[in-house]
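1. Requesting a structural model of the entry that follows:
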Amino acid sequence: MIFSEYGGEANIEHQKEDVGEIGDCCGFNRKYNETWGTKFHEIQWGVIARHPYLLASYIWNMFDFATPPMSAQGGVYSRNMKGLVTFDRKVKKDPFTCTRPTGAESRSYISRNEGQPSVRTRLPP
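-> Sure thing, here's the model as predicted:
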């Protein structure tokens, strides 16, 4: 079983210490607090860690990306903000730094012959 496409909207312009349990979803005037995006990833990592039968998991998405013009959420028109890095690729959001240590602890780096890329494999918990 594979757990795919998980992530939470995170706008770096929206900051709040206590984001509650459900965030503030959906609509242009809603706040997509960066802290909520981090909390959402922490919750999902907990689920993944408790289910060793999961073969793989895939974060949605590495970068914020454009959406159709009629889409307007979290104070930004035409943007999906579930990326770990901002649309302009300049800022790594808090969920990016949250996932790196967890991923690094659960991965094994395998060296290959010169000229070939290294392979990363997820170790069982």
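2. ranges for the strands of the chain?
-> Per DSSP state E, the chain carries strands over the ranges 2-6, 56-59, 65-66, 72-73, 76-77, 79-80, 107-110, 119-122.
3. Return the residues in contact with the closest residue in space to E34 that isn't next to it in sequence.
-> In space, not counting the residues next to it along the chain, E34 is nearest to A10; the distance is 4.6 Å by C-beta to C-beta, 6 or more residues apart in numbering. All C-beta atoms are positioned from the backbone trio N, CA, C, and that covers glycine. By C-beta atoms under 8 Å, 6 or more residues apart in numbering, the contact list for A10 reads 32-34, 36-38, 81-82, 93-95.
4. again, only this time at 6 Å
-> Contact analysis of A10 by C-beta atoms under 6 Å, 6 or more residues apart in numbering lists 34, 37, 81, 93, 95.
5. pLDDT wise, what is F63 at?
-> Here the pLDDT value assigned to F63 is 94.
6. Pretty sure it sits against L84.
-> No - using C-beta atoms under 6 Å, F63 is not in contact with L84; the gap is 7.5 Å.
7. Which of those two has more residues huddled nearby?
-> L84 (23 against 13; other C-beta atoms under 10 Å).
8. and the gap between the more buried one and M1?
-> Distance, L84 to M1, using C-beta to C-beta, to the nearest Å: 23 Å.
9. for stretch 78-97, what is the average pLDDT?
-> 88.
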